[in-house]
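In: build me a model:
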Amino acid sequence: MASIEMRRRWLLGGGVALAAAGITGWRALRSAPARPAVVLGDGVNGPQGMAWVPGGTFLMGSDHPLAQPNERPAHPVRVQGFWMDTAHVTNDQFAAFVRETGYITTAERRPDWDTIRVQLPPGTPRPPDAVLVPGAMVFVGTSAPVRLDDYAQWWRYVPGADWRHPQGPGSSIGGKGDHPVVQVSHEDALAYARWAGKRLPTEAEWEFAARGGLEQATYAWGDEVRPGGELQANYWDTRSRPFPVVSAQTGGAAGTLPVKTFPANGYGLHDMTGNAWQWVADWYRADQFARESAGGGRGPVENPPGPARSFDPDEPGVPADAPKRVIRGGSFLCNEDYCLSYRPSARRGSDPHSPMSHVGFRLVRDSG
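Out: Prediction:
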């Protein structure tokens, strides 16, 4: 059991201010944001199912009171234009990929000890082979309110969980073809991208797209969390039930909704926040925005590709240099009490070999 607990916990593994003269000028960008024209590809003029993101200069990150240290400071970045999927890659789309290629996802393979041990303290003994079985991390919730300082209370490594069975062997994606595919690793997302002739967005591209032309707005749709009282994204509503309670009395487990349930942002992109976290291309560094700001001078950072390696000193029990890729956008589990990540600037690092029941992806394509 100790080895199972170790495996379960492992799989969860997942500023410097701008000069006053420079930041004042860049903040002026927000004063009168121009709503961009929505350009959707139709298969002739642009790729089907994708929207044109025109590129430009924006303030990446946030100095808002809700922002975490890894989102600070806001700093000017410039990205080139690109096409982006209007929604998450869905179960139906991923199924087509698997049918054509025979691809076997990370969760369907026997776990590789070499990818596990780098997420653990040096010298951690290898668990017995009987423990290293295919599966993935599943949100199981709790039956009553709990302290929110130990996520192991509501997550569990479930043998047999995979993209077809997101909550484990007894679950299925029947009737959910238009939901985001989840339980996919970073490697799985890259494999799908190669097949589709696309790529994962950089972190800078993702945030620029998520903002939809609204410079430094708190949310992808503006500064009010519920404009006019209307829900704008799929996240956990703590007014209806406390997180992470999923008892029958509170309505059962939360989950994904069909893509495009909510209105698109200014670029025609749906669900950029909420529903499921999204893999992006970059390695994760907790201090990346401070590094970019310090090295960028007063001008914008041009098309930042992200760091060369990971650095995250904030996760107890995990080496600071353990490999992590950035995930963006939050998920159906994010909420005001625990994870306020349904904001364009929110970011997190996650073990690229660890599929989870609230992580999916969308892709981009260059203009050429």
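In: go through stretch 354-368 and flag the buried ones.
Out: Of all the residues in stretch 354-368, those buried under the rule 16 or more other CB atoms under 10 Å are Ser354, Pro355, Met356, Ser357, His358, Val359, Gly360, Phe361, Arg362, Leu363, Val364, Arg365. The way it works is simple: take the backbone N, C-alpha and C, and place the C-beta from them, glycine included.
In: out of those residues, which one sits closest to Ala254?
Out: When the buried residues of stretch 354-368 are ranked by distance to Ala254 (CB to CB), His358 comes first, at 9.0 Å.
In: could I get the full set of helices for the stretch 151-300 of the chain?
Out: 186-196, 203-211, 288-295 (DSSP state H, counting those that start in this stretch).
In: deepest in the core, which of those helices is it.
Out: helix 203-211 (a mean of 26; mean count of other CB atoms under 10 Å).
In: now the angle between helix 288-295 and it, please.
Out: 110 degrees (axes from the mean of the first three to the mean of the last three CA atoms, to 10 degrees).
In: coming back round to it: the helices of the stretch 151-300 of the chain into a markdown table, with extra columns for distance to Thr142 and mean pLDDT?
Out: A markdown table is the format used below for the helices of the stretch 151-300 of the chain (distance: least, CB to CB, whole Å; pLDDT from 0 to 100):
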| stretch | distance to Thr142 | mean pLDDT |
| --- | --- | --- |
| helix 186-196 | 28 | 98 |
| helix 203-211 | 31 | 98 |
| helix 288-295 | 33 | 91 |
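In: need those in a markdown table (columns: distance to Trp83).
Out: What follows is those, written out as a markdown table (distance: least, CB to CB, whole Å):
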| stretch | distance to Trp83 |
| --- | --- |
| helix 186-196 | 12 |
| helix 203-211 | 10 |
| helix 288-295 | 25 |
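In: which one, of those, ends up nearest to Ala95?
Out: Nearest to Ala95, of those and by CB to CB, is helix 186-196 at 11.0 Å.
In: tell me what that closest one is packed against?
Out: helix 91-101 (3 or more CB pairs under 8 Å, 6 or more residues apart in numbering; DSSP states H and E).
In: can I get the helix it packs on in CSV, CA atoms only?
Out: Below are the C-alpha coordinates for helix 91-101, written out as CSV (Å, rounded to 0.1, in the frame of the first residue of the first chain):
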residue,chain,number,x,y,z
ASN,A,91,-13.3,12.6,-27.5
ASP,A,92,-14.6,12.0,-31.0
GLN,A,93,-11.6,13.7,-32.6
PHE,A,94,-9.1,11.8,-30.5
ALA,A,95,-11.0,8.5,-31.2
ALA,A,96,-10.5,9.2,-35.0
PHE,A,97,-6.8,9.6,-34.4
VAL,A,98,-6.6,6.3,-32.4
ARG,A,99,-8.6,4.4,-35.0
GLU,A,100,-6.3,5.6,-37.8
THR,A,101,-3.0,5.1,-36.1
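In: for that helix, packing partners?
Out: Counting by 3+ CB pairs under 8 Å, 6+ apart, helix 91-101 packs on helix 186-196.
In: give me the low-pLDDT residue ranges for the stretch 201-350 of the chain?
Out: 248-253, 296-297 (pLDDT under 70).
In: longest strand anywhere in this structure?
Out: strand 277-283 (DSSP state E).
In: run the chain-centre distance for that strand.
Out: Put simply, strand 277-283 sits 6 Å off its chain's centre (CA atoms, centre = their mean, to the nearest Å).
In: list the strands paired with that strand, with their directions.
Out: Partners of strand 277-283 in the sheet, by DSSP bridges, are strand 325-328 (antiparallel), strand 359-360 (parallel).
In: turn those strands into TSV, including distance to Phe58.
Out: As requested, the strands paired with strand 277-283 are arranged in TSV below (distance: least, CB to CB, whole Å):
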stretch	distance to Phe58
strand 325-328	15
strand 359-360	24
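In: which pLDDT value belongs to the residue nearest to Asp92 when sequence neighbours are not counted?
Out: Spatial nearest neighbour of Asp92, chain neighbours left out: Gly177 (3.8 Å); criterion: CB to CB, 6 or more residues apart in numbering. Per-residue pLDDT puts Gly177 at 98.
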